[in-house]
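>>> when you get a sec, could you give me coordinates for this:
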Amino acid sequence: MRIVKLTKETTQSLLDELLKRSPNSYGEYEGRVSAIIEDVRTRRDEAVFDYTKRFDGAQIHAHNVRVTQAEIDEAYEQVDPSLLAVMRKALVNIRSFHEKQLQQSWFTSGENGILLGQKVTPLKTVGVYVPGGKAVYPSSVLMNTVPAKVAGVERVVMVTPPDKDGKVCPSTLVAAREAGADEIYKVGGAQAVAALAFGTQSIPQVDKLVGPGNIYVALAKKAVFGYVSIDSIAGPSEILVLADETADPVYAAADLLSQAEHDEMASAILITTSMELAQKVSEQTERFLEKLSRRDIIKKSLDNYGYILVADHMEQAVEAANEIASEHLEILTKDPFEVMTKIRNAGAIFVGPYSSEPLGDYFAGPNHVLPTNGTARFFSALSVDDFVKKSSIISYSKEALEPVYRDIVQFAESEQLTAHANSIRVRFEKE
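Below is the predicted model:
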């Protein structure tokens, strides 16, 4: 891995490079995606099935697009029982964590008949997009579905591309059933996003669409936002390891590579106050590369977006980490909790040498759907909050409104909204 002295200039250069990976930088694909969306909106099922044949090579039609109970039963027979046991352990942790995020409706009363409050209502129907093909991630099925069901979503509709035989990966089906998905449809890509956004004869329209996908899926989600809600426009995976001289270079190197293996555009960054550690981590990554199965992908990821930045002191390192606002941030320092208090921008923070990033991906419980491309400056991890909406409740009696109605009239008239003012005034004209 390249070793660079950390300065304002190198940090800005790195940020510029990372932003090139954002879906917002792929305008060349937007025309194709828009055409697919409009076609699905117009021809509905017919368009969805045509694109599924073209892109996935599968003959899908109205009678086989929805996964049947028999197909789910078959999937359970094909999945390793030990993997199923691990999924169920992870589900306990994921469900428990998200149950702590639940919010209740609340009301407060004041003098003279004032009642104010907030009504929390789960969304009725949510769509979960699950990648297929080479990218099969049952862990993402759990992470996207469980918070929706914990929130009280009535209908979770999952879509995922089939293989050429019209089959869905067994581990995906098992994860979906275990997490509580209500319906599963064999369709992927931008056409699946459009189907969920607008509805077809076979696939229901949803209120919100969540889940990762390729650039076509990301741009399709961006295009349908407003017709439906979405979680985010996800970019490639990223990890930032913040370390001092006490860090174990083997741990740091292993954790950096755990994200670099996702794809060639993933970023893996080490910021350290120790040049000696920087050199050892760089050497260790080369040793690991010799034996890892996805070495070609990892090497391209590191060549493109892998950096070791050497800082003069920890304050400078923390400042750079906050500017980068990484999806995953690990702290491998002498006092990691003290450093953690200074982190403002990160999707998820992993504190200490035994809190490796994959712990969050699979098992600990917090959601692994996280903001990327610097959006951790203003976005949060997927949570129960993403699957509810909040309505304000306002109730005033006549006795409560009378002392303040002239104030409201004045405010409205100052904005030249005389109908607003009149709406209040008419209630007291007879007096």
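>>> which SSE is the residue nearest the centre of the chain in?
The residue lying closest to the centre of the chain (CA atoms, centre = their mean) is V369, at 3.5 Å. Taking DSSP states H and E as the definition, V369 sits outside all helices and strands.
>>> contacting residues for it?
By CB atoms under 8 Å, 6 or more residues apart in numbering, the contact list for V369 reads 140, 143-144, 210-212, 231-232, 234, 381-382. The C-beta positions use only the backbone N, C-alpha and C, and glycine is treated the same way.
>>> which residues touch the nearest residue to G117 once chain neighbours are set aside?
The spatial neighbour of G117 that comes closest, neighbours along the chain excluded (CB to CB, 6 or more residues apart in numbering), is F107 at 3.5 Å. Listed by CB under 8 Å, 6+ apart, the contact partners of F107 are 115-117, 393.
>>> just the closest of these to V65, please.
Comparing the contacts of F107 against V65 with CB to CB places I393 closest, at 41.2 Å.
>>> helix/strand/coil for the closest residue to the closest one other than its chain neighbours?
The spatially closest residue to I393, leaving aside those adjacent along the chain, is G117, at 3.9 Å (CB to CB, 6+ apart). Secondary structure for G117, judged by DSSP: H, G, I helix; E, B strand; the rest coil, is strand.
>>> kindly report the same for V126.
Under three-state DSSP, V126 falls in the strand class.
>>> make 225 the starting number, not 1.
That works, and once the first residue is 225, the last one we named lands at V350.
>>> okay, now it: neighbour count?
For V350, the neighbour count with other CB atoms under 10 Å is 32.
>>> that one contacts V612, correct?
No: counting by CB atoms under 8 Å, V350 does not reach V612; the two are 10.7 Å apart.
>>> of all the contacts of F331, which comes closest to S258?
For the contacts of F331, the nearest to S258 is I617 (39.9 Å; CB to CB).
>>> is the residue nearest to P386 when sequence neighbours are not counted in a bridge, and if so with what?
Leaving aside its chain neighbours, P386 sits nearest to K410 (4.0 Å; criterion: CB to CB, 6+ apart). Applying DSSP bridges to K410 gives these bridge partners: T384.
>>> so K410 sits against T384, correct?
Yes: with contact defined as CB under 8 Å, K410 reaches T384; the gap is 7.0 Å.
>>> shared neighbours, these two?
Joint contacts of K410 and T384 (CB under 8 Å, 6+ apart) are V392.
>>> look at those two and report which has more neighbours.
More crowded of K410 and T384, by other CB under 10 Å: T384, with 26 against 23.
>>> quick one: S453 and L420, what's the gap?
Distance of S453 to L420, given as CB to CB, to the nearest Å: 11 Å.
>>> more neighbours: which of the two?
Under the criterion of other CB under 10 Å, the comparison of S453 against L420 puts L420 first, with 32 against 17.
>>> what's the residue nearest to I617 in contact with, if anything?
G341 neighbours (CB under 8 Å, 6+ apart): 329-332, 616-617.
>>> pull the longest helix from the protein.
Counting by DSSP state H, the longest helix found in the chain is helix 305-323.
>>> what is the mean pLDDT for that one?
The average pLDDT for helix 305-323 rounds to 98.
>>> now it, how far from the centre of its chain.
Offset of helix 305-323 from its chain centre (CA atoms, centre = their mean, to the nearest Å): 19 Å.
>>> how long is stretch 281-298 from one end to the other?
One end of stretch 281-298 sits 22 Å from the other (CA to CA, to the nearest Å).
>>> can you give me the buried ones in it?
282, 284, 289-291, 295-296 (16 or more other CB atoms under 10 Å).
>>> that one: how far from the chain's middle?
Chain-centre distance of stretch 281-298: 27 Å, with CA atoms, centre = their mean.
>>> do the same with stretch 617-631
Counting by CA atoms, centre = their mean, stretch 617-631 is centred 42 Å from the centre of its parent chain.
>>> confidence score at the residue nearest to G281 when sequence neighbours are not counted?
In this structure, G281 finds its nearest non-sequential neighbour in K388, 4.1 Å apart by CB to CB, 6+ apart. Listed pLDDT for K388 reads 94.
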